[in-house]
Each structure stands twice: as C-alpha cells, then as structure tokens.
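Trainee: With the sequence up front, the predicted model follows.
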Amino acid sequence: MDLGSADEHRKEIANRIRSLREDNDLTIEDMARATGRSAEEYEKRESGEMDLTFTFLYKCAKMFGVDITELMTGESPHIKWYSIVRPEEGMHIDRHSDFEYLHKAPFFKGRLCEPFLVDVPYQEESQNAPIHLSYHKGQELDYVLKGHLRFAFEDHIEEVGPGDTLLYDSGRGHGIIAIGGEDAQILAVVIPEAITNGEGII
C-alpha cells in the first residue's frame with residue numbers, strides 16, 4: 001500500500017468514526033475519555049490527521065457497539081459458522097507505531113476474540129528506550145511465531161522467542177519490541193472484557 005492510499009484509507013476510517021460518534025450523540029470529550037486521549041488528540045485522530053492505532057480503533061468500536069471490521073471497512077461481518085483465511089489474506093491495520101496487524105477472521109459474525117498476525121520490526125533506536133505501553137480491557141494471548149521479543153508488563157520485563165506463549169490482563173500496561181537484530185512475528189488473540197469476569201473466561 002503506498003502512502004497516498006494509506007492516507008486515504010485512514011481518512012475513510014476517520015470519517016466513519018465521526019459519523020458513528022454523531023449518530024450515537026457522543027461528544028468529542030466523551031470519546032476522548034473512552035479512548036484515554038486528550039480531547040485535542042482525539043479530534044486529530046477523528047479528523048485523520050494522526051495515525052489510528054489498533055487500541056484506539058478497538059476502543060472506538062466498543063464505545064459505538066460495532067464490530068471493528070465495520071469500523072475499518074464499512075462492512076459488517078457475515079460469516080456464521082466457520083472462517084478460513086489463507087496465509088496472505090486478512091484485514092490490514094497498518095498503523096501502530098511501526099507494527100503491522102493482519103486480522104485473521106474479520107468477517108466471522110459474533111466472534112468472541114480478535115485474532116491478529118502481528119509483524120514487529122526490529123528497530124535499533126528502541127533497544128535502550130522505554131517500551132511503549134498499551135491498555136485495553138480484557139485479556140490477550142500472544143504466541144511467538146518467529147524472532148525474539150522483549151515483553152514489558154507494567155514494571156516487569158521478559159524476553160521470549162519462537163514457541164513461547166504470553167497470556168495477560170491487557171487492561172494493565174503492556175508492550176513489546178523486537179530484539180536480537182531481527183524482525184519478529186506473533187499471533188495475538190485479543191479477548192474482550194465482555195466475556196471475562198476479571199479472573200477468567202465466563
């Protein structure tokens with residue numbers, strides 16, 4: 001995807017966010033609180049001036065009561081019984097710092113989790129910098145497919161590699177970077193708060 005089309009796609013999504021906010025009689029301040037942003041930053045994201053991260057989109061979709069697929073594409077999920085998505089297929093979410101997300105079941109209706117193939121590029125400048133932490137209520141399972149990662153959970157740091165599995169409370173601060181001089185890839189499964197009770201799956 002070239003820069004021009006990426007910008008156009010971001011603005012299309014931003015327009016859907018604005019329309020859904022207005023349809024739900026929500027103010028910019030309401031959405032800023034729901035997404036954990038300042039009103040100024042929220043407004044820049046809604047206008048398409050800033051990148052739309054996965055966490056931001058996920059929180060918007062939850063606030064509007066829509067599937068993240070509808071927010072991204074304008075199309076509602078329609079597959080009822082099972083979904084097969086081939087290796088190179090899926091719904092791209094191109095922006096989260098430099099991560100690339102590929103949703104692996106975007107059109108399965110009523111799904112209870114959000115499965116993503118996530119490419120995590122190695123960046124030399126991030127090796128000695130604090131790891132950016134994200135927050136989204138629920139749980140997340142990350143399975144490392146290739147490469148090595150440094151995982152931060154609040155003030156805990158772990159290093160993981162191929163075959164390792166992480167499961168954690170995603171409502172607490174968490175983040176990853178690729179280490180070892182090579183890119184990494186994980187299968188990330190986001191489990192919404194709606195199907196957990198704070199101690200496990202209901």
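Mentor: It's in. Numbering: from 1, shown residues only.
Trainee: now the residue nearest the centre of the chain: how far from residue 100?
Mentor: By CA atoms, centre = their mean, the chain has its centre lying nearest to residue 54, at 2.8 Å. Distance of residue 54 to residue 100, given as CB to CB, to the nearest Å: 10 Å. For the C-beta atoms, the positions are set from N, CA and C on the backbone; glycine is no exception.
Trainee: hey, what's in contact with both of the two?
Mentor: Shared contacts of residue 54 and residue 100 (CB atoms under 8 Å, 6 or more residues apart in numbering): residue 93.
Trainee: So what's the predicted local confidence for residue 179?
Mentor: The pLDDT attached to residue 179 in the predicted structure is 98.
Trainee: burial measure for it, as a count.
Mentor: Using other CB atoms under 10 Å, residue 179 has 18 neighbouring residues.
Trainee: which residues in the chain form strands?
Mentor: 91-93, 100-103, 114-120, 138-146, 148-153, 156-160, 165-169, 174-179, 184-192 (DSSP state E).
Trainee: so which of the ones you listed gets nearest residue 8?
Mentor: Closest approach to residue 8 among those (CB to CB): strand 91-93, 13.7 Å.
Trainee: just checking, what packs against the closest one?
Mentor: Counting by 3 or more CB pairs under 8 Å, 6 or more residues apart in numbering; DSSP states H and E, the packing neighbours recorded for strand 91-93 are helix 68-73, strand 100-103.
Trainee: For residue 38, which of these is the nearest?
Mentor: helix 68-73 (21.2 Å).
Trainee: which regions of this structure lie under the pLDDT threshold?
Mentor: Residue ranges of the chain with pLDDT under 70: 1-5, 94-97, 194-202.
Trainee: okay, now the domains of it?
Mentor: If you go by automatic domain parsing, the domain ranges for the chain are 3-73, 112-195.
Trainee: can you list these in a markdown table and add distance to residue 106?
Mentor: Converted to a markdown table, these look like this (distance: least, CB to CB, whole Å):
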| stretch | distance to residue 106 |
| --- | --- |
| domain 3-73 | 4 |
| domain 112-195 | 9 |
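Trainee: Tell me which of those sits nearest to residue 85.
Mentor: domain 112-195 (9.0 Å).
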